[in-house]
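**Q** With the sequence up front, the predicted model follows.
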Amino acid sequence: MFREMRRRRQQLSPEECKRILAEGTSGVLAVRGDEGYPYAVPLSYVYEEGRLFFHGAAAGHRRDAVLRDPKASFCVIGGDRVVPEEYTTYFRSVIVFGKIRILEEEAEKRSAIEKLAEKYSPRQEDGRQREIDRGFSALCMMELTVEHMTGKQAVELMREKL
């Protein structure tokens, strides 16, 4: 169902892909938007055990797209060092494919936003809970379940490991 990576030599291991997802702070979510046009939006996320969690508004383009078609992809760049003298970049990136669902149950919605808040504000526990409680009723949490994942690195980074 999913294509094999063309440049398999540069393919990252599943463990390295998971590390990049766990350590990343932002990515780009792509869904089928209005009139079938791709809709890609940068956002913060948290990765845990084959799932990505995002937050957003309870209404809008992203939510409408997910309700129309839950299939999505998500891309994270784990490194991108420009090397001008070589006319290239030394990069690592991961692309995830899966299906998104909107979290409706209060307990799973709260669990997901707490994971996200912990990632971005790990030392702000009291303030984190106040902020979550303040905006909880208007919050939309989404979960993307990973069905397929590939990672790729610049060929130059492969040589560095040798």
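**A** Received, thanks. Computed from a predicted structure; not experimentally measured. Residues are numbered from 1 along each chain as shown.
**Q** Can you classify the closest residue to residue 83 other than its chain neighbours as helix, strand or coil?
**A** In this structure, residue 83 finds its nearest non-sequential neighbour in residue 90, 6.0 Å apart by CB to CB, 6 or more residues apart in numbering. From N, CA and C alone the C-beta is placed, and that goes for glycine too. Under the three-state scheme (DSSP: H, G, I helix; E, B strand; the rest coil), residue 90 adopts strand.
**Q** so what's residue 90 up against?
**A** 79-81, 83, 154, 156-157 (CB atoms under 8 Å, 6 or more residues apart in numbering).
**Q** what about 7 Å?
**A** Under the criterion of CB atoms under 7 Å, 6 or more residues apart in numbering, the contact list for residue 90 reads 81, 83, 154, 156-157.
**Q** swap in residue 47?
**A** 21-22 are the contacts of residue 47 under CB under 7 Å, 6+ apart.
**Q** which residues does it bridge with?
**A** residue 52 (DSSP bridges).
**Q** in the chain, what residue sits furthest out from the centroid?
**A** What lies farthest from the middle of the chain is residue 85; by CA atoms, centre = their mean that is 31.5 Å.
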